[in-house]
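>>> what follows is a predicted structure for the sequence shown.
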Amino acid sequence: MRLEIVEEHLDEAAFLYRQWESALRSPTESLEGVARGPEEVLLAHLDALAAAGGLAADHLLVPALAGDDEGKAFAAAFVLAARAEGLPLVLEALAEAAPPVRAAMERALQVLPAPDLGAQLRAQLEKAAPVARLAIAGALIARREDPGTAVRAWIDSAETAGAVLGLRAMLVLGKGSEAHRVAGLIRSREPQIWAAAMEIGVIMGLREAWSACERAVAERGAEFAVAARLRALSGDAEAVKPLLEASADARLARRAVLALGLTGRVAAADALLELMGGSLGGLAGEAFCAITGLRMEGAYVAEEAPEREEPIPFEEEDLEADLVPGPEARLPLPDGEAVARWWRGGGKGSERGERRRFDSGRRYLRGRPFTCGALLEEIASGPMRRREALALELAIRTRGQAQIDVFALSARQRAELESARGAIGRAWAVRFHDLPAPWEVRIRPAAAATRAVPRAAHAADTRDVVVSGIGLATPLGDAAQSFAAVRAGIGRFFARPDLYTCLGQDGRPDRDDPVVASGFPDEEAGPRDGNRPAEWLACIAGQALRDAKESARLDAGKQGRLGLFLSMPSGRPGFSEEQSAAISRHLCDRDERGPVERERIVLGGHASVLALCEEACAALRKGEIEVAIVGGADSYLFREWLAPLDRERRLKCGRVPDGFRPGEAAGLIVLELRARAAKRGVQPWATVRATAARQASGATGRQPAPGAALAGVVEELTAAAPAPPIVVADLNGERWRMKEWGYALARLGSRLPAPLALEHPALQLGDVGAASAGVLVALAVQFLAKKYPDRGSAIVWAASEDGDRRGLLLEQV
């Protein structure tokens, strides 16, 4: 992977870290939206940095630990701490970093999904410098991993941060002999200690904590925010009155309105309706919806009048003010009259309002009567900002048995939500006053984030053909690096006037319109000689072969009876079967693979590798070979090969907006029987579950077929899939391919189950011709493992210009 690509991954990861943190507190986002939005792309860039190995660590990540960019520090700590040799570098940097950067590195340690990280951190706790020790303990507690009994003693620390961590550790370690100290800390004058002691005390069921909470709400002092939230969550109808009174105090109004939305009471909804016309209208609307279930959209949203831009006198301007709008800026401003009609009903003769459905003696959660099951559902699917308070309520009602870290990665949150369903039977939907008092049970550790893989539709069979290795050579790197870049949406396209200048509208070369392509720098693959393209393709294929052999752990001369199935470009001026055979011989000589039992070299189109996969699977099942290397290599980046494409109006350029970007790549997969892979101790990437092929009738070159053949391929494979599969598609930007895919989707209808997860990697790699299907399969198995672990299967389809339509169904192992 080139250094500038790694730099782009780091820059994007730093940006997306901030976006992710903001989304976790958004009043409009949901857990699903965050998981599929900023979190997914952030993890893609972090995976890419990990795949870059030493190049990223030495040149970018280690320096980022000593820098002042919080986002880069988070990314560097996340990637380095996942490796045993990198963790000491992170812990050393913790001691020297500025507080904001240290907090970002601690955050990385909190959320990094590394099962053995807790033990490593615990081993370093006592050895670390004081500030680093606090960060390590904070990370362990956030991970809900045992920080060691020494942290219990921190509850008596004179240092605020230490005392707070000592309190929080009780939710991990469970009740101990120092539990009585919580009651004493509730009287602390230090706000952070008081807040932590209050929340822990209420979870424990301490009457002192609840008395202090009621007192703090009444006194409206510095502790009001924490106390108001707890008071609102209590389920007590009497909580509404003091919160409503506090909403009239400008200092407390925002916190009071937020708390009113947590009460779930009809009286609170009535009061919030009256507040919608004021300065906190958006906030009041959000709180009202949290109680009543109204969706604040359409007719219920006010048409905002444009604000006049009045210049602020220079002497009055706050030059240090944060100019980035807060999360509440995204809240819609309610139309108070429309909302009132919905709630109370209109005038004479009109329908009665929704308020009639609500019982003033009950508590509601988004329009539903409050139950602990409804509470858990709201945490799972409700707005992100409210989830922290609701997760606290769940912990209180289960006496700490159900804890959900709403700031963790989504995989862990889902695991904790699933674990919490088992604790719901021990939860009480009563006022906090009436909850059982004792807190005797030990806190359970955090639920481990496990891969949610649907049950396979087919039992594992030793005769199954599996993908035991993958190899890629693209301008983005090897298989791991290319996938990470594709997943993150990073491509490498450059104007290449040295290769070709596209024709203009007048049919003559337009110097201002050079071909834009995705290609290897010449120094990476050797000199690009237009008279000897076979040497270039052999070099690319050799890189992919080394990657595939390493992935499949194929030792030279020990792989058994080997079959080689390669697709090379067809219809290219000056390229022949003799040259493709020379490429095969070059690979044999260069990599010392030993004798090839069966060799099949074809000059084919986009779907040719899938046809070769079918041949290879048959040969493996018959015992003719023991291992098959299947794939292709291609490059359009020779002047003699680009010119015909341009004349046929296929290259994307100024006069052809719907053409394709040319690229070059090699993609190989290693196939063998499951039994043989198991004997070699190799964990397969996926199982080849089914293949399908159709001939598109009426397909002539690049004219769109009616979609029946492609629909037939996808339908046949979908029927064999254990769950709605992801689709990795051979779409390259050409109109005829998009039209045919559209026709196929229309024919399939509900037979292709929703929701559709579609990937088309040509967006980042360009069109790679005869290598297309090999590249798609090598990427598809990685999509299954890392981006769509809940899907279980993937369909790869490809379409050649001769009408050949083929597909392959891959199933997770």
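Sure thing, it's come through. On a predicted model such as this, the values are computed, not experimentally measured, just so you know.
>>> got any ranges where the stretch 301-450 of the chain has weak pLDDT?
304-326, 347-351, 425-430, 433-434, 436-450 (pLDDT under 70).
>>> where along it do the strands fall?
Per DSSP state E, counting those that start in this stretch, the stretch 301-450 of the chain carries strands over the ranges 364-365, 368-369.
>>> tabulate those strands (JSON lines), appending distance to residue 121.
(C-beta placed from N, C-alpha, C; glycine too.) Shown next, in JSON lines, are those (distance: least, Cβ to Cβ, whole Å):
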{"stretch": "strand 364-365", "distance to residue 121": "37"}
{"stretch": "strand 368-369", "distance to residue 121": "41"}
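>>> kindly state the domain boundaries assigned to the chain.
Here the domain assignment for the chain is 1-147, 250-302+327-370, 381-435, 465-812, based on automatic domain parsing.
>>> so which of these is nearest residue 232?
Proximity to residue 232, assessed across the domains of the chain by Cβ to Cβ, is greatest for domain 250-302+327-370 (3.8 Å).
>>> quote the end-to-end distance of the closest one.
30 Å (Cα to Cα, to the nearest Å).
>>> so residue 682 touches residue 550, yeah?
No - with contact defined as Cβ atoms under 8 Å, residue 682 does not count as touching residue 550 (11.7 Å).
>>> which of these two has more neighbours?
residue 682 (18 against 13; other Cβ atoms under 10 Å).
>>> contacting residues for residue 200?
Neighbour list for residue 200: 167, 168, 170, 171, 182, 209 [criterion: Cβ atoms under 8 Å, 6 or more residues apart in numbering].
>>> before we move on, what SS does it have?
helix (DSSP: H, G, I helix; E, B strand; the rest coil).
>>> picking that back up, winner for burial among the strands of the stretch 301-450 of the chain?
strand 364-365 (a mean of 21; mean count of other Cβ atoms under 10 Å).
>>> so which elements touch it?
Contact partners of strand 364-365 among helices and strands, from 3 or more Cβ pairs under 8 Å, 6 or more residues apart in numbering; DSSP states H and E: helix 281-292, helix 372-381.
>>> sorry, back to before: and the contacts of residue 200, which is closest to residue 231?
residue 209 (11.7 Å).
>>> pull out the buried residues from the helix or strand that contains that closest one.
Assigned by DSSP states H and E, residue 209 falls within helix 207-219. Across helix 207-219, burial judged by 16 or more other Cβ atoms under 10 Å covers 208, 209, 210, 212, 213, 214, 216, 217.
>>> same thing with stretch 648-660?
Neighbour-count burial for stretch 648-660 [16+ other Cβ under 10 Å]: 650, 651, 652, 653, 655, 656, 659, 660.
>>> same deal with stretch 333-340?
Buried residues in stretch 333-340 (16+ other Cβ under 10 Å): 333, 334, 335, 336, 339, 340.
>>> go on, stretch 758-774?
Those would be 759-762, 764-774, for stretch 758-774 by 16+ other Cβ under 10 Å.
>>> looking at those residues, which are in strands?
residue 759 (DSSP state E).
>>> and of the buried residues of stretch 758-774, the nearest to residue 74?
residue 764 (24.7 Å).
>>> so the closest one touches residue 484, yeah?
No - contact status for residue 764 versus residue 484: not in contact, 10.7 Å apart, counting by Cβ under 8 Å.
>>> residues in contact with residue 543?
Here residue 543 is in contact with 471, 473, 478, 525, 666 (Cβ under 8 Å, 6+ apart).
>>> pretty sure it belongs to a helix, no?
Yes - Residue 543: assigned to a helix according to three-state DSSP.
>>> using PDB, write out every CA atom in the strand or helix carrying residue 619.
Using DSSP H and E, residue 619 sits within helix 608-622. Extracted C-alpha coordinates of helix 608-622, given in PDB (Å, rounded to 0.1, in the frame of the first residue of the first chain):
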ATOM      1  CA  SER A 608     -14.900 -16.100 -17.300                       C
ATOM      2  CA  VAL A 609     -13.400 -16.700 -13.800                       C
ATOM      3  CA  LEU A 610     -16.800 -17.900 -12.500                       C
ATOM      4  CA  ALA A 611     -16.900 -20.500 -15.300                       C
ATOM      5  CA  LEU A 612     -13.400 -21.600 -14.300                       C
ATOM      6  CA  CYS A 613     -14.500 -21.800 -10.700                       C
ATOM      7  CA  GLU A 614     -17.200 -24.300 -11.800                       C
ATOM      8  CA  GLU A 615     -14.600 -26.400 -13.700                       C
ATOM      9  CA  ALA A 616     -12.300 -26.300 -10.700                       C
ATOM     10  CA  CYS A 617     -14.900 -27.400  -8.300                       C
ATOM     11  CA  ALA A 618     -15.800 -30.400 -10.500                       C
ATOM     12  CA  ALA A 619     -12.200 -31.400 -10.800                       C
ATOM     13  CA  LEU A 620     -11.700 -31.200  -7.000                       C
ATOM     14  CA  ARG A 621     -14.800 -33.300  -6.300                       C
ATOM     15  CA  LYS A 622     -13.700 -36.000  -8.800                       C
END
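>>> gap between the helix or strand following that helix and the chain center?
Next in sequence after helix 608-622, counting helices and strands by DSSP H and E, comes strand 627-635. A distance of 30 Å separates the centroid of the chain from that of strand 627-635, by Cα atoms, centre = their mean, to the nearest Å.
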